[in-house]
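Engineer: Using only what follows, build the 3D model:
(chains A, B, C and D)
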Amino acid sequence: MKAMGLNALDDAQLAARVAQDIPDGAYVNLGIGKPTHVSGYVPEGREVIYHSENGILGLGPTPPLGEEDPELIDASKRFVTAAPGAAYFEHSDSFAMMRGGHIDIAVLGAYQVAENGDLANWATLDETFPPAVGGAMDLVVGVPSIFVMMRHVNRDGSPKILKECTYPLTGLGVVNRVYTDLAVLDVTGDGFRLVELTDGNSLEAVQAVTEARILT
Amino acid sequence: MKAMGLNALDDAQLAARVAQDIPDGAYVNLGIGKPTHVSGYVPEGREVIYHSENGILGLGPTPPLGEEDPELIDASKRFVTAAPGAAYFEHSDSFAMMRGGHIDIAVLGAYQVAENGDLANWATLDETFPPAVGGAMDLVVGVPSIFVMMRHVNRDGSPKILKECTYPLTGLGVVNRVYTDLAVLDVTGDGFRLVELTDGNSLEAVQAVTEARILT
Amino acid sequence: MDKSVENLATAVAPITDGATVMIGGFGSSGVPLGLIDALFEQGANGLTVISNNAGAAEVGIARLIKAGRVAKVICSYPRTPGSIWFEKRFEAGEIALEIVPQGTLAERIRAAGAGLGGFLTPTAYGTKLAEGKETRVIDGRGYVLEAPLPADFAIIRAECGDRWGNLRFHATARNFNPVMAMAAKNTIAEVRVLSEAALPPETVVTPGIFVQSVVEYGERP
Amino acid sequence: MDKSVENLATAVAPITDGATVMIGGFGSSGVPLGLIDALFEQGANGLTVISNNAGAAEVGIARLIKAGRVAKVICSYPRTPGSIWFEKRFEAGEIALEIVPQGTLAERIRAAGAGLGGFLTPTAYGTKLAEGKETRVIDGRGYVLEAPLPADFAIIRAECGDRWGNLRFHATARNFNPVMAMAAKNTIAEVRVLSEAALPPETVVTPGIFVQSVVEYGERP
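Structural biologist: Model (predicted):
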């Protein structure tokens, strides 16, 4: 749901906006959900190498129907292909790439981001669900540029960009930049700093749906 | 030099004696020097898989002259071949095999062995030489059966089988069995226990050139 | 040396009640479905399963969980779409769960296989998953001390194997299979093709020393 | 993406005075002799060299040591037959030496590449090589805490590479080359053959993410 009265990017526009900041030659890990779509919008002429935690570097496009290899999947368990220059490896090597700082950028979804860069994206306060973390905690400690990509507010209108996270943390002080349907914000030593507003939005209106203060 | 008046196996006989205790199907690491020769004496019909720390499992025999591959060597830097069923791997995997308890038997040379199983085989007290340890310390902590193969006494007649090692240790309480030109001894909780004497030697005569007590 | 065994039932026969069993795979890729079904038939009970996921629908690990044969799951992500049986047992308090971040899971398994006593990882530092664990700060960075994670058995899947136990994998079906082979006392590998000839030594991914038995199971997932 | 560079001199140009440089190889196998010679010509001084051996005769690392360009060696076995130049400099107090057990050396390098803060190993527990190090006893077994060992550069040798930096090795020339590639900020790979086509993904041993440049050097040791 859109925040009332604000201009919001749709998912495709948001993916395209993030994609602009993926440079040529980057090694990139795209999280499950919205981030998966970023690869479809990287500008022509840039060669980006996508990593998937389950043991492939060089994810290619989705295979044509009927040509899927059931043993060639990505972290979301979707069928994929191998791009030219790809490599397969086992899990401890895959996570050495993540934890060891070899991947340049990870784009992740989030429940909450705090002004000190804390990220919450693996568990809520609802204890009826079993917890599940996957590779999120390894990514955030190891990858130097952590981009979060999410709606600016929850469906009920409550803020996701906070002074402090209330959900269990994925990592402490790990987020570098947040891309939402309403704005792009950098995490700095002083808190969130405005990079840009979605066309037509005023800072005041965006600040009104953001718990943390947005510096300019 | 032989201990005076005792019957001593020569190097080939000693290698053959050790080889008898290498069972079919064993994964074995042979140390530099005398232990290298053990593989030539393993009885027919036993398939033994030899590991070399520099990244090969399944060492085959020495290649014919002129057919050496300069990039296929063993830990002693001698040219080798790959036996059927061999595999190559990198160093951290190779030492995972050693440290992780996957290799069944290592046969090593020694300067000194003590009755509590301490082994000294990497450095003497002579400080004019730079120390060099290689893979010896990894082998002794990881391989369940450590066989030492050496002359019973030093060239000057001084004992190598001691109450306590005087040289820097390679590992603490790691030796299981000692094969010398004069006798075979097991290391037990109570100290060295006689397994066998080289034909013609009396226990008294062997004890006389052994600092540690030999139990029977 | 011949580590090949005739059929899946023989392969899983040594697995005992209460055993800790690593099961390879990620999602549906590289899962030893033949061995899991044989383990189902075999009857071992009270198992601790170490695997990335907790199975989906009614196949694989989910089949064992549905039948009440799994006492505990150690994994990173039990909530795969369709993991209804794990969720049911979990809600009813009928199954124990230890959540481990995926990279820490792989590294703990590797540490067991490599004979290490533990390692310091930045992963999960300051989070709920590090609660109760020893931590330390080195050069301003926080680390959690993690212990090795060994197992009695590993059941894994490979594309091709030989009688020495050497294995080769296909695409992303490699995943946890090689590290699990290192960490179990007894590793049982299901291979799509059991090669008569030895695998070329340069192409071996898991050397035979890490594998105790190999059984052919030609079906693809 | 094209990580290939035209010649050895260009490949080693970034290496600065005082840099820590990992050099692949074991004995004479898998040693990047072309890159070492280029580094000799290039002139960088006061180097810390991390390698299993300290060179032999007057080639490879020994050539750098002879010329007084190496301030410190971190290795497991400096005393290869013919390592006269290391021994000379060592006796004269002109070169520092840190001896690390071989498996610990490989594992410390891997820890650096894998982003770990250290690990507990049973190797060297109770010996001179553990003196001054933190130790602990777990389940009756002694362990030494070892730190990661990173480097500014790694110069390594492979059999075949492609423009993405993917590498494949030959026989026992693999040795330390893959772990060193992981652990250096800048890994420079000498390859016997630079392939026009991408290496098949199943055959890649070192994925290109660990390699910053690739240069062809056709000569065999």
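Engineer: contacts and neighbour counts: CA atoms only from here.
Structural biologist: Fine.
Engineer: How about the residues of chain C by chain A?
Structural biologist: Counting by Cα under 8 Å from any Cα of the partner chain, the residues of chain C close to chain A are C:26-30, C:76-79, C:87, C:90-91, C:99-104, C:106-107, C:110, C:122-128, C:170-179, C:221.
Engineer: Make a PyMOL selection of the buried ones in these.
Structural biologist: Per 16 or more other Cα atoms under 10 Å in any protein chain shown, the buried members of the residues of chain C next to chain A correspond to this PyMOL selection:
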select buried, chain C and resi 26+27+28+29+30+76+77+78+79+87+90+99+100+101+102+103+104+106+107+110+122+123+124+125+126+170+171+172+173+174+175+176+177+178+179
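Engineer: Dig out what the closest residue to residue A:164 other than its chain neighbours forms beta bridges with.
Structural biologist: What sits nearest to residue A:164 in space, not counting adjacent residues and going by Cα to Cα, 6 or more residues apart in numbering or on different chains, is residue A:114, at 4.9 Å. Taking DSSP bridges as the rule, residue A:114 bridges to residue A:162.
Engineer: rewinding a little: the residues of chain C next to chain A in helices, which ones?
Structural biologist: Under the assignment DSSP state H, these contribute C:87, C:90, C:91, C:102, C:103, C:104, C:106, C:107, C:110, C:177, C:178, C:179 to helices.
Engineer: Please identify which of these is nearest to residue C:134.
Structural biologist: residue C:104 (14.7 Å; Cα to Cα).
Engineer: Residue C:123 is in contact with the closest one, correct?
Structural biologist: Yes. Contact criterion Cα atoms under 8 Å: residue C:104 and residue C:123 qualify, at 7.2 Å.
Engineer: any residues in contact with both of the two?
Structural biologist: Jointly contacting residue C:104 and residue C:123 under the rule Cα atoms under 8 Å, 6 or more residues apart in numbering or on different chains are residue A:138.
Engineer: What is the most widely separated pair among the ones in helices among the residues of chain C next to chain A?
Structural biologist: Most distant of those, by Cα to Cα, are C:91 and C:178, 32.4 Å apart.
Engineer: helices and strands around the worst-scoring helix or strand of chain C on mean pLDDT, which ones?
Structural biologist: When the helices and strands of chain C are scored by mean pLDDT, DSSP states H and E, helix C:84-91 comes last with a mean of 91. Counting contacts by 3 or more Cα pairs under 8 Å, 6 or more residues apart in numbering or on different chains; DSSP states H and E, helix C:84-91 is packed against helix C:61-66.
Engineer: Next, the residues that contact the helix it packs on from outside, please.
Structural biologist: Residues contacting helix C:61-66 (Cα under 8 Å, 6+ apart): C:36, C:40, C:54, C:55, C:56, C:58, C:70, C:83, C:85, C:86, C:89.
Engineer: Just the pLDDT for the third one.
Structural biologist: With respect to pLDDT, residue C:54 scores 89.
Engineer: got the contact list for the residue lying closest to it once chain neighbours are set aside?
Structural biologist: In space, and not counting its chain neighbours, residue C:54 is closest to residue C:78: 4.7 Å by Cα to Cα, 6+ apart. By Cα under 8 Å, 6+ apart, the contact set of residue C:78 is A:130, A:131, A:132, C:52, C:53, C:54, C:55, C:86.
Engineer: contacting residues for whatever residue of chain C ends up closest to chain D?
Structural biologist: Chain D sits closest to residue C:119 of chain C, with a gap of 4.0 Å, by Cα to the nearest Cα. By Cα under 8 Å, 6+ apart, residue C:119 lies in contact with C:111, C:145, C:146, C:147, D:116, D:117, D:118, D:119, D:120.
Engineer: Up against chain D, what does chain A have?
Structural biologist: A:25, A:27, A:47, A:57, A:82, A:84-88, A:93, A:95-103, A:142.
Engineer: Let's see that with 6 Å instead.
Structural biologist: Residues of chain A found near chain D (Cα under 6 Å from any Cα of the partner chain) are A:25, A:85, A:86, A:87, A:88, A:96, A:99, A:100.
Engineer: Just to be sure, which of those are found in strands?
Structural biologist: Those of these mapping onto strands are A:85, A:86, A:87, A:88, per DSSP state E.
Engineer: pretty sure the first one contacts residue D:198?
Structural biologist: Same thing as residue A:85. Yes. Using Cα atoms under 6 Å, residue A:85 makes contact with residue D:198 at a distance of 5.0 Å.
Engineer: got the CA coordinates for the least confident helix or strand of chain C in PDB?
Structural biologist: C-alpha atoms of helix C:84-91 as PDB (Å, rounded to 0.1, in the frame of the first residue of the first chain):
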ATOM      1  CA  ILE C  84       4.200 -28.000   6.400                       C
ATOM      2  CA  TRP C  85       5.300 -31.000   8.300                       C
ATOM      3  CA  PHE C  86       8.200 -29.300  10.000                       C
ATOM      4  CA  GLU C  87       5.900 -26.400  11.000                       C
ATOM      5  CA  LYS C  88       3.300 -28.800  12.300                       C
ATOM      6  CA  ARG C  89       5.700 -30.700  14.500                       C
ATOM      7  CA  PHE C  90       7.400 -27.500  15.600                       C
ATOM      8  CA  GLU C  91       4.200 -25.900  16.700                       C
END
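Engineer: now what about it, what contacts it?
Structural biologist: Identification of contacts with helix C:84-91 by Cα atoms under 6 Å, 6 or more residues apart in numbering or on different chains yields C:62, C:66, C:95.
Engineer: now the ones in strands among the residues of chain A next to chain D in a markdown table, with neighbour count?
Structural biologist: Shown next, in a markdown table, are these (neighbours: other Cα atoms under 10 Å in any protein chain shown):
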| residue | neighbour count |
| --- | --- |
| A:85 | 23 |
| A:86 | 25 |
| A:87 | 29 |
| A:88 | 30 |
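Engineer: Name the residues of chain C found near chain B, please.
Structural biologist: C:113, C:114, C:115, C:164, C:198, C:201, C:202, C:204, C:207.
Engineer: Would you mind naming the residues that bridge with the spatially most central residue of chain A?
Structural biologist: For chain A, residue A:108 is the residue whose C-alpha lies nearest the centre (Cα atoms, centre = their mean; 2.1 Å). Residue A:108 has the following beta-bridge partners by DSSP bridges: residue A:148.
Engineer: In contact with it: list those residues for me.
Structural biologist: Neighbouring residues of residue A:108 by Cα under 6 Å, 6+ apart: A:31, A:148, A:149.
Engineer: Let's see that with 10 Å instead.
Structural biologist: Going by Cα atoms under 10 Å, 6 or more residues apart in numbering or on different chains, residue A:108 touches A:29-36, A:119, A:121, A:136, A:139-140, A:146-150, A:175, A:178.
Engineer: Hmm, residue C:96 and residue C:68 touching each other?
Structural biologist: No. The pair residue C:68 / residue C:96 is not scored as a contact, 11.9 Å apart, by Cα atoms under 10 Å.
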